[in-house]
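> got a predicted model here, sequence first, then my questions.
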Number of protein chains: 2
Amino acid sequence: MKTRNKHATLNEVARAAGVGTTTVSRVINGGQRVDPETMARVQRAIETLGYMPSQAARILKGDRTRAIGLVIPSIADPFFSSCAEAAQAIVRANDSVLIVLTTQNDPKEELEAVNMLMRHRVDGLIIAPCNAEDDVLARMLGRISTPVVTLDRPIEGSKIPSVVVDNFAGAKLATEHLIEHGYRRIACLTGEPHLYTIQERMRGYTGAMQSAGLKPALSVDVEDHVSAEKCLLNLMKKAGSPQAVLTLKNITTVAVFETLQKHGVKVPETVALLGYDDFQMAEALRPSISVIRQPIEEIGHAAAELLFERLLNQGASKGGGSLQRRQVVLATRLVLRNSCGCGRA
Amino acid sequence: MKTRNKHATLNEVARAAGVGTTTVSRVINGGQRVDPETMARVQRAIETLGYMPSQAARILKGDRTRAIGLVIPSIADPFFSSCAEAAQAIVRANDSVLIVLTTQNDPKEELEAVNMLMRHRVDGLIIAPCNAEDDVLARMLGRISTPVVTLDRPIEGSKIPSVVVDNFAGAKLATEHLIEHGYRRIACLTGEPHLYTIQERMRGYTGAMQSAGLKPALSVDVEDHVSAEKCLLNLMKKAGSPQAVLTLKNITTVAVFETLQKHGVKVPETVALLGYDDFQMAEALRPSISVIRQPIEEIGHAAAELLFERLLNQGASKGGGSLQRRQVVLATRLVLRNSCGCGRA
DNA sequence: CTGAAAGCGCTAACAT
DNA sequence: ATGTTAGCGCTTTCAG
């Protein structure tokens, strides 16, 4: 048996090297004030025993956990996985690890996730709340001393710093662009209307329509191919069938596009299409799909940066407690391709 | 100041409830052998103080970490993010958390990631090794007592259990299908030829070609639009320009398809296309892209299950030590759409 | 049913 | 330059 069943301890290393524990501790923490020779001996012992300091013991001693919690609806979702990737990079750069927990947009899971993370005493928390009005969550986050930053969605009525995208402006911009194309009957399709981001986008759409004296036409349950087909068929049947469709989330965009294709509806000639959120193939499709693009990586990046900023400041301005309620709002960009009617010059 | 700066401790709860620490410990661990009344009092104290047991202290006492490490090249990659999602579900079901570390396929980062996770004393490790022949990693993993399972890629010459896909068979199947279509000049394009999975696929392609008496034509540096364009232009210029292209990874597939479209090459009439690995838009593109589909979720799922199986068995068959060198190989599926020439009946 | 006390691995005074 | 020692918060015998 070569592999030890139990981990080697600092104490064992000390004995093996014939020194005291302090010396070993010094060595593994940079080796200040240690005789080079002693240091070498200790390092040999460490090597031999395969010693690795126990994070748990350090934590218990009051050190930071060097772990950051990330709570998101799903890792498989490209939006959140990109956020996670960006956040992870920052976390690693700060010599910490990322613990990722997913909620499937279930507030209960979310609460549990936060709980679990608190038990692990993560140094900080990045969370994309399921529900902007979740009082239970807000109260729980208010109680803890761990720095928290929300991602993509704020928690209303709380002073928790957040990094969000200007969903309202994005959808407004999209709608206005469609209007400029001359379309009058512009339908808006989406799913998950209970989400904060979607609501903001719906407001943006509705606002832009009303400002232009047009009548909004919103369908909020288009979540897949089946519902897209049903909704579209329904829409096209009527007299005032839409000249353009604005979709507020990725899956909806794709579902609508595929349905349109399947039924031989010409895009953008018969019906123009503009989607919220860019996706990998938007460029490759024929016609290519015009979209509102969010600065996804930047969201994760900014959230993590903001968190560490707070982590460090917290240590510094101990007494001050100047609640720096930062609210980062990132802008979206209209990416014009063909599906909206552009580029047919 | 309402929020405590320091976390409440079990001791504080005990004092607040007027009981001993043992009793509090019993309460938070299920409350066996505790007077209901005492229990209620303790719980009230816990509530009031917002007490949460410190995982670190528990670990130090010898408990499991309830953390599993996942080391993958990237979270943003749809393949790995789906694996991660599936793994996460299993991990959560086992009352643990997932710590995700990414390597960007850099062996150095990888080593560091494993190191970090060991310091955190994760109960188990799931890793998609950058390099199948990395001796340093193999040795390091051999040294530690923590159960490890590899994902998508094995570590050669080690007895570490792994969950992989039958890449060879998949690529072989794909090539054979193309051959059945009657294509004789079939080119194979890919990137990252140093990766185990890609190598297996290349073997599958080459094998199938040779078995059919055809001459393999492999390009191993097609990684983006630029390289795809260059490669394709080069290929088409020649006399024996390919009738079909097999792409061995997602990005290559997309790049090749877009390039083909851009240059007005008819797919599949002029050049047929078959890709390894399915992707969201493959169905929606015109023509829709035929692909080899991997059971992605299952990989993550199986890896996590395998890991916990070992974790539990390890506890049980302490003395036995029957090294159950399990090697799970998952099958791929050929998804026929239009780009290969199918469906034009 | 309950409490006192030991000790998990480590760091940080405080000696020497 | 190096060793001694007291805990960090928790679980767990072992006695009541």
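Received the coordinates, thanks. Residues are numbered from 1 along each chain as shown, chains lettered A, B, ... in the order given.
> which stretches in the stretch 51-200 of chain A count as helices?
Ranges of helices in the stretch 51-200 of chain A, per DSSP state H, counting those that start in this stretch, are A:55-60, A:78-93, A:107-119, A:135-143, A:167-180, A:196-211.
> who wins for proximity to DNA strand D among those helices?
Closest to DNA strand D of those is helix A:55-60 (Cβ to the nearest atom of the strand; 3.8 Å). Quick note: C-beta positions are derived from backbone N, CA and C, even for glycine.
> can you list contacts of the closest one?
A:65-66, A:121, B:54-57, B:59-60, B:65, B:119-121 (Cβ atoms under 8 Å, 6 or more residues apart in numbering or on different chains).
> could I get the helices of the stretch 51-200 of chain A as a markdown table with distance to residue B:185 and mean neighbour count?
Formatted as a markdown table, the helices of the stretch 51-200 of chain A follow (distance: least, Cβ to Cβ, whole Å; neighbours: other Cβ atoms under 10 Å in any protein chain shown):
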| stretch | distance to residue B:185 | mean neighbour count |
| --- | --- | --- |
| helix A:55-60 | 57 | 19 |
| helix A:78-93 | 36 | 23 |
| helix A:107-119 | 53 | 19 |
| helix A:135-143 | 60 | 15 |
| helix A:167-180 | 46 | 22 |
| helix A:196-211 | 49 | 20 |
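> before we move on, back to that, give me the subset of the contacts of helix A:55-60 that also touch DNA strand C.
Among the contacts of helix A:55-60, the residues lying close to DNA strand C (Cβ under 7 Å from any atom of the strand) are B:57, B:60.
> any idea which of the contacts of helix A:55-60 is closest to DNA strand C?
residue B:60 (3.8 Å).
> where's that closest one relative to residue B:219, distance?
Distance, residue B:60 to residue B:219, using Cβ to Cβ, to the nearest Å: 55 Å.
> can you pull the residues of chain A lying near DNA strand C?
By Cβ under 7 Å from any atom of the strand, the residues of chain A that approach DNA strand C are A:6-7, A:9-11, A:21-22, A:25, A:28-29, A:51, A:53-54, A:57-58, A:60-61, A:63.
> are any of those residues buried, and if so which?
Taking 16 or more other Cβ atoms under 10 Å in any protein chain shown as the criterion, what is buried in those is A:7, A:9, A:10, A:28, A:51, A:53, A:54, A:57, A:58.
> contacting residues for the second one?
Contacts for residue A:9 were tallied using Cβ under 8 Å, 6+ apart; they are A:51, A:54.
> what pLDDT does it get?
Predicted confidence (pLDDT) at residue A:9: the value is 96.
> surely residue A:91 is in contact with residue A:304?
Yes - Residue A:91 lies in contact with residue A:304 (Cβ atoms under 8 Å); the separation is 5.9 Å.
> need the overlap of contacts for these two.
By Cβ under 8 Å, 6+ apart, the residues touching both residue A:91 and residue A:304 are residue A:68.
> in the stretch 1-150 of chain A, which spans are strands?
Along the stretch 1-150 of chain A, counting by DSSP state E, counting those that start in this stretch, strands occupy A:67-72, A:97-102, A:124-127, A:148-151.
> got CSV for the ones you listed, with mean pLDDT and distance to chain B too?
Converted to CSV, the strands of the stretch 1-150 of chain A look like this (pLDDT from 0 to 100; distance: least, Cβ to the nearest Cβ, whole Å):
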stretch, mean pLDDT, distance to chain B
strand A:67-72, 98, 7
strand A:97-102, 96, 5
strand A:124-127, 97, 13
strand A:148-151, 96, 12
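> let me have the ones you listed in CSV, adding distance to residue A:168 as columns.
Putting the strands of the stretch 1-150 of chain A into CSV (distance: least, Cβ to Cβ, whole Å) gives the following:
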stretch, distance to residue A:168
strand A:67-72, 22
strand A:97-102, 27
strand A:124-127, 22
strand A:148-151, 17
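> export those strands to CSV and append columns for mean neighbour count.
As requested, the strands of the stretch 1-150 of chain A are exported to CSV (neighbours: other Cβ atoms under 10 Å in any protein chain shown):
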stretch, mean neighbour count
strand A:67-72, 27
strand A:97-102, 25
strand A:124-127, 26
strand A:148-151, 24
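> among those, which comes closest to DNA strand D?
strand A:67-72 (16.3 Å).
> can you name every helix or strand that the closest one contacts?
helix A:78-93, strand A:97-102, helix A:107-119, strand A:124-127 (3 or more Cβ pairs under 8 Å, 6 or more residues apart in numbering or on different chains; DSSP states H and E).
> thanks again, I'm all set now.
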